[in-house]
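> Let's see this in three dimensions:
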Amino acid sequence: MHVTASETYTAREAVDDWLSKGLKGRSEHTVTKLRILAETHVIPGLEKIKLQQLRADHVDEWLDQLADKLATTTLREIHSVLKRAIRQAEVSELHAYVVISLTTGVRTEEARALRWDHVVAWIPSLKIWHPVTEVGFKHRKFAIYVWRADREGGDPKTRRTLELPKLAAQALRQHHTRQAVLKLKAGEAWQDHQLVFCTSVGTPLNASNVRRAFRKITKRAGLGTTWSPRELRHSFVSIMSDQGVPIETIADLVGHAGTSVTEAVYRHQLRPVITKGAHTMNTIFGDSRHG
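Below you'll find the predicted structure:
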């Protein structure tokens, strides 16, 4: 049992997060029952153990101590609470990364290089985009500045501005709050590179670590372990094409200098083709408003 959460993130915090976020849609009776199990048995038994250090031996020893007091069915339910909390902690590490990559089509290296001052909010009264580092997230429309990487025909000197669908903006808002907590926990160890996606101490993410974490997600989703983060970009192109977005627009969105590169690289994802990135993603993921 191994997770990629922050080095300071404890089992108690994982369970608390699951209780606050992972019980949506369940009946009031079920929520009450799970909360009592968590607060009575899971949290007191494992609360001080860092999630990264939690091993099967810890869990076995903990369950053994409870075996004489509780019924087998209750032990299974308690163990299930811990497993679900850990599963949510694993997913949340890359949640915003996956959402941004899938809904904007940015390259993996562009996502890893994204800085908070490249995340901007639209200020209607001024008719300008302004960094969220200065104006915060209490706005209706957001975008990211992405500098084209020097590959697949992209011009490294050119910046594209991609409006964010509501789903992506919400993911970044939550991610920003979570990162602030990590920064406080890291204290003097934090290295402030202003990166949106970074390690538990603020340093740049390693591409291989992202790949490993991503494969854990695809494995749990039943997709196997052969997928890599760049598949999200391919999926973006497929979604745009399936929804009728012109190839010229797709080329602009993914940062290609022209459609020939898009056609060559994504020929298997492209289909005959109407709307644009953020609006299309809002429609797909349940928010058709566009403001």
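> Tell me how this structure divides into domains.
Using automatic domain parsing, the domains assigned to the chain come out as 11-91, 94-284.
> Identify, out of the ones you listed, the most deeply packed stretch.
Across the domains of the chain, the average number of neighbours (mean count of other CB atoms under 10 Å) peaks for domain 94-284, which reaches a mean of 17. Just so you know, the C-beta spots here come from the backbone N, C-alpha and C atoms, and that holds for glycine as well.
> Could you report the pLDDT at Gly277?
On pLDDT, Gly277 comes in at 70.
> for the one 4 residues further on, same thing?
Confidence per residue is given as pLDDT, and for Met281 that number is 80.
> Quick one: the strands in the stretch 1-150 of the chain, in order.
Counting by DSSP state E, counting those that start in this stretch, the stretch 1-150 of the chain has strands at residues 119-123, 128-131, 142-147.
> The last one: partners in the sheet, and parallel or antiparallel?
Think strand 142-147. Paired neighbours of strand 142-147 in the sheet (DSSP bridges): strand 119-123 (antiparallel), strand 159-163 (antiparallel).
> what's in contact with it?
With contacts defined as CB atoms under 8 Å, 6 or more residues apart in numbering, strand 142-147 is touched by 100, 104, 106, 110, 113-114, 118-122, 129, 132, 156-164, 168-169, 172, 255.
> switch the cut-off to 6 Å
106, 110, 118-121, 129, 159-164, 169 (CB atoms under 6 Å, 6 or more residues apart in numbering).
> give the contact list for Phe197.
Going by CB under 6 Å, 6+ apart, Phe197 touches Tyr97, Arg112, Leu205.
> Next, it: phi, psi?
The phi and psi values for Phe197, taken as degrees, to the nearest 10, are phi -110, psi 120.
> State the distance from it to Ser101.
10 Å (CB to CB, to the nearest Å).
> got it, and Ile86?
Ile86 is 24 Å from Ser101, by CB to CB.
> before we move on, the earlier item: for His58, find the nearest of the strands of the stretch 1-150 of the chain.
Closest of the strands of the stretch 1-150 of the chain to His58 is strand 119-123, at 38.1 Å (criterion: CB to CB).
> Let me see the ranges of the helices in the stretch 1-150 of the chain.
11-21, 28-37, 43-46, 56-67, 72-104, 108-113, 132-135 (DSSP state H, counting those that start in this stretch).
> Mind giving me the packing neighbours of the longest one?
It refers to helix 72-104. The helices and strands touching helix 72-104, judged by 3 or more CB pairs under 6 Å, 6 or more residues apart in numbering; DSSP states H and E, are helix 11-21, helix 28-37, helix 166-186, helix 230-242.
> Same list, those, but as TSV with distance to Thr72 and mean pLDDT please.
Output for those, formatted as TSV (distance: least, CB to CB, whole Å; pLDDT from 0 to 100):
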stretch	distance to Thr72	mean pLDDT
helix 11-21	21	77
helix 28-37	14	86
helix 166-186	36	85
helix 230-242	41	89
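> Next, format these as a markdown table and append distance to Trp62.
Output for the helices and strands packed on helix 72-104, formatted as a markdown table (distance: least, CB to CB, whole Å):
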| stretch | distance to Trp62 |
| --- | --- |
| helix 11-21 | 10 |
| helix 28-37 | 13 |
| helix 166-186 | 24 |
| helix 230-242 | 37 |
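> Which one, of those helices, ends up nearest to Met281?
Going by CB to CB, the one of those nearest Met281 is helix 166-186, 6.6 Å.
> Give me the distance between the most centrally placed residue in the chain and Arg178.
For the chain, the residue sitting closest to the mean C-alpha position, by CA atoms, centre = their mean, is His95 at 1.6 Å. In this view, His95 and Arg178 are 9 Å apart by CB to CB.
> Surely Ile78 and Glu39 touch.
No - contact criterion CB atoms under 6 Å: Ile78 and Glu39 do not qualify, at 11.2 Å.
> Report the set of residues contacting both of these two.
By CB under 6 Å, 6+ apart, Ile78 and Glu39 have no common neighbours.
> Do I have it right that Gly45 meets Trp62?
Yes - Gly45 is in contact with Trp62 according to CB under 6 Å; the separation is 4.7 Å.
> which residues touch the helix or strand that contains Ser208?
If you go by DSSP states H and E, Ser208 is part of helix 207-220. Outside helix 207-220, the residues within contact range by CB under 6 Å, 6+ apart are Thr4, Leu94, Thr225, Trp227, Ser228, Pro229.
> try stretch 73-87
Contacts of stretch 73-87 (CB under 6 Å, 6+ apart): Val3, Ala14, Val15, Trp18, Leu37, Ala38, His41, Val42, Leu63.
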